[in-house]
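[1] Let's see this in three dimensions:
(chains A and B)
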Number of protein chains: 2
Amino acid sequence: MSLPKTIRAVTQNGAGGTEVLELSTLPCPTPQAGQVLIEVAAAGVNRPDIAQRLGKYPVPADANPVLGLEVAGTIIALGSDVDDYKIGQQVCALVHGGGYATHAIADVGCLLPHPVPLSSEQAAALPEVAMTVEFNMMMRANLAAGEWVLIHGGSSGIGSHAIERAKAAGAKVIVTAGSDEKCAYCLELGADVAINYKTQDFVAEVASATNGTGVDVVLDMVAGSYVARNLECMNADGRYALISMQGGKDVQTSFELVLRRRLSIMGSTMRPLPAHRKAEIAAKVRKDVLPLIAKGLISPHIFARFPLDQVAEAHTTLEAGKHLGKIVLTVKD
Amino acid sequence: MSLPKTIRAVTQNGAGGTEVLELSTLPCPTPQAGQVLIEVAAAGVNRPDIAQRLGKYPVPADANPVLGLEVAGTIIALGSDVDDYKIGQQVCALVHGGGYATHAIADVGCLLPHPVPLSSEQAAALPEVAMTVEFNMMMRANLAAGEWVLIHGGSSGIGSHAIERAKAAGAKVIVTAGSDEKCAYCLELGADVAINYKTQDFVAEVASATNGTGVDVVLDMVAGSYVARNLECMNADGRYALISMQGGKDVQTSFELVLRRRLSIMGSTMRPLPAHRKAEIAAKVRKDVLPLIAKGLISPHIFARFPLDQVAEAHTTLEAGKHLGKIVLTVKD
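    Modelled structure (predicted):
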């Protein structure tokens, strides 16, 4: 396969609304040692992309400043020392920026073989979500069979994957979502209890659903005023995994329950993790999550798809918050 | 050894100042299955005892309401199924209340053999401190060789043990304390850096001492306004172990660093832990801490000793906050 001289990629004319996004022609990047070049079939759209477009997400110094954190496609060039993958192979990958493009560089450690039952769009929707959920809910918060987990934003891309992942782990799942339609979607995915946070008090509903014991794990992307309420929802030895702060970073709470119930509060975002840590998480996804996908127990749901030149519409759809599951860019059929 | 019919114990006439404490005669308790009766030589005095005297520390329903969480002495009776210990053996123990007495019941899981180089008073000062530090700083926060730890209240009983324990683990130790004399004491115990929190800004001093990277572990008994400042002091992947809230339970902070630096905040208090968890911690102390005591690397420092009938003076001394190390009650020579 001969390599193109140039690629098409979404670039930004400054920071701001979707009007800053434009499609540009850039030189084709060359994979370095331990990297591959992927001809992109589809790219996932994620909330950090919105924050980055707005100039509110610090891009690591070594990252590609082009938007996009996950892709699916075909390997068309190998860097030196790449033995485990071949040209022509279908893969998906967490990328260090640059996913909104016809071609993207990925570190071998962050590659996943294309999961067999999935479309390219589904595969593109997998890496960021699966690695985020695996690292936070499974590796750090250590959700175990028989335990209760409270998943906020249950109908989001992260939330819908987390529901299926938690059920596959044998856990009992409570979600919050912002409409009855979203709650119904979460229940269809397997959630045991769905709480409409606009009409119900989730602290009271969690207490009721768990007979007063509370949940063992919380997966939260809200922070702000949710922190104190999440702590109230937690069982002894509970673990609270925070992955975003859509409700604000400022927290007022009491630490009395943290002490008395031996709670742990843990935060993380994927992007600043060193490459070797991302590779560990990807390895865990290959080992524990891909078999669940092969069995049909986890199946990324694509809410909307847009071609690369309609990236603005993709962002507008994500920001509107009415989606169920993931939004992707289709780059090549 | 014939058992006494009655014992002497510190009881309370309601909750309040030291005037509520009185010495009473009670029936001698009988060890149940898995328990021993200890003739107490000395008992440790701890901050939770003060809180309990004031009526501010919830006593578990199954606990002895008599004050006192740790003792050293001689086993004089065995419950059924006790094979690992013998009558006449010298031990120390974390007890489920009842330590301020001539005789106390201990669960076998919470017994430690009397550490050879220590006096009875030193042995009595060990269980609560060693188990608290081992559980929080080592087992939960997982302090590793080469890492930096920030220990607040460095000259306290907990703090001084934590300094020696952390140094024995190969960590680099920064402490805070409330006077230059206390700072000097911490440096003598092996702390690398001591910060007088009354005259210095510990956030700036920690940044300076660690070349801006911050500490990997914080051991804190303050909470309140220290929470936000502790988070500022922490390195990526840092672990914050909270063991008391002497500065108040209400917390205002930003969780931005929790997310960006992947911090963990973990709280615990020893007393509400189920018996099997206490036994696990005691087993860790037997395995990892007693050898350090045998080598002289950890040596409980007794600041003051009082006979049982001067328990009020013991509490007054602890509340005055001028002590360096531990305060004990001497019960029997």
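[2] who's in contact with A:G159?
    A:I151, A:H152, A:G153, A:V175, A:A177, A:C186, A:L219 (Cβ atoms under 8 Å, 6 or more residues apart in numbering or on different chains). Every residue, glycine included, has its C-beta placed from N, CA and C.
[3] Could you do A:G68 as well?
    Here A:G68 is in contact with A:V10, A:A43, A:G44, A:D49, A:V95, A:G97, A:G98, A:G99, A:Y100, A:A101, A:A104, A:L329 (Cβ under 8 Å, 6+ apart).
[4] helices or strands up against the helix or strand containing the second one?
    Okay, so that is A:A43. A:A43 is part of strand A:35-45, with elements assigned from DSSP states H and E. On a contact count with 3 or more Cβ pairs under 8 Å, 6 or more residues apart in numbering or on different chains; DSSP states H and E, strand A:35-45 meets strand A:70-78, strand A:90-94, strand A:103-107, helix A:120-124, helix A:127-133, helix A:311-320, strand A:326-330.
[5] Could you pull up the mean pLDDT of it?
    Regarding strand A:35-45, the rounded mean pLDDT is 98.
[6] between it and strand A:326-330, how big is the angle?
    120 degrees (axes from the mean of the first three to the mean of the last three Cα atoms, to 10 degrees).
[7] Can you name the element that comes right after strand A:35-45?
    Taking DSSP H and E, what comes next after strand A:35-45 is helix A:47-53.
[8] close to chain B, is that following helix?
    No - if you take Cβ under 8 Å from any Cβ of the partner chain as the test, helix A:47-53 misses chain B, and the best it gets is 11.6 Å.
[9] Check what contacts that helix and list those residues.
    Here helix A:47-53 makes contact (Cβ under 8 Å, 6+ apart) with A:12, A:15-16, A:18, A:20-21, A:57, A:59, A:67-69, A:100, A:244, A:246, A:269, A:271, A:315, A:318-319.
[10] just to revisit the earlier point, which ones among the contacts of A:G159 lie within strands?
    Secondary structure from DSSP state E places A:I151, A:V175, A:A177, A:L219 of the contacts of A:G159 in strands.
[11] any idea which of these is closest to chain B?
    A:L219 (13.5 Å; Cβ to the nearest Cβ).
[12] got a list of what that closest one touches?
    A:133, A:136-137, A:141, A:149-152, A:158-159, A:162, A:241, A:243.
[13] One more pass at 6 Å, please.
    Taking Cβ atoms under 6 Å, 6 or more residues apart in numbering or on different chains, we find A:L219 in contact with A:M137, A:I151, A:A162, A:A241.
[14] go on, A:A101?
    A:I7, A:A9, A:V66.
[15] Quick check: closest non-adjacent residue to the last one.
    Ranked by Cβ to Cβ, 6 or more residues apart in numbering or on different chains and with sequence neighbours excluded, the top spatial neighbour of A:V66 is A:G98, at 4.4 Å.
[16] Could you tell me how many residues sit around A:G170?
    11 (other Cβ atoms under 10 Å in any protein chain shown).
[17] same check, this time on A:I87
    Neighbours of A:I87 using other Cβ under 10 Å come to 13.
[18] Skipping adjacent residues, who's closest to it in space?
    A:I75 (5.6 Å).
[19] From A:G68, how far off is the residue nearest to A:A42 when sequence neighbours are not counted?
    Once flanking residues are discounted, A:A42 sits nearest to A:A124: 3.7 Å by Cβ to Cβ, 6+ apart. For A:A124, the distance to A:G68 equals 10 Å [Cβ to Cβ, to the nearest Å].
[20] do A:V82 as well
    22 Å.
[21] Run a quick neighbour tally on the residue in the stretch 51-200 of chain A that chain B sits nearest to.
    Taking Cβ to the nearest Cβ, chain B has its nearest neighbour within the stretch 51-200 of chain A at A:R140, 8.0 Å off. Neighbour count of A:R140, defined by other Cβ under 10 Å: 18.
[22] Surely it and A:M266 touch.
    Yes - the pair A:R140 and A:M266 passes the contact test of Cβ atoms under 6 Å, sitting 5.2 Å apart.
[23] circling back: columns neighbour count and secondary structure on top of the contacts of A:L219, output as JSON lines?
    As requested, those are arranged in JSON lines below (neighbours: other Cβ atoms under 10 Å in any protein chain shown; DSSP: H, G, I helix; E, B strand; the rest coil):
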{"residue": "A:M137", "neighbour count": "26", "secondary structure": "helix"}
{"residue": "A:I151", "neighbour count": "32", "secondary structure": "strand"}
{"residue": "A:A162", "neighbour count": "33", "secondary structure": "helix"}
{"residue": "A:A241", "neighbour count": "28", "secondary structure": "strand"}
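[24] excluding its backbone neighbours, what's nearest the residue sitting nearest the centre point of chain A?
    By Cα atoms, centre = their mean, chain A has its centre lying nearest to A:V129, at 2.4 Å. Once flanking residues are discounted, A:V129 sits nearest to A:H161: 4.6 Å by Cβ to Cβ, 6+ apart.
[25] Give the buried residues for stretch A:57-69.
    Across stretch A:57-69, burial judged by 16 or more other Cβ atoms under 10 Å in any protein chain shown covers A:Y57, A:V59, A:A63, A:N64, A:V66, A:L67, A:G68, A:L69.
[26] quick one: the strands in the stretch 201-333 of chain A?
    In the stretch 201-333 of chain A, the strands defined using DSSP state E, counting those that start in this stretch lie at A:215-220, A:234-242, A:250-254, A:264-267, A:302-307, A:326-330.
[27] Can I get the fifth one in PDB? Just the C-alpha atoms.
    The C-alpha trace of strand A:302-307 is given here as PDB (Å, rounded to 0.1, in the frame of the first residue of the first chain):
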ATOM      1  CA  ILE A 302     -24.000   4.700  17.800                       C
ATOM      2  CA  PHE A 303     -26.500   7.500  18.200                       C
ATOM      3  CA  ALA A 304     -25.300   9.600  15.300                       C
ATOM      4  CA  ARG A 305     -22.700   9.600  12.600                       C
ATOM      5  CA  PHE A 306     -21.300  12.500  10.600                       C
ATOM      6  CA  PRO A 307     -18.800  12.700   7.700                       C
END
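[28] avg pLDDT for that strand?
    In the prediction, strand A:302-307 has an average pLDDT of 96.
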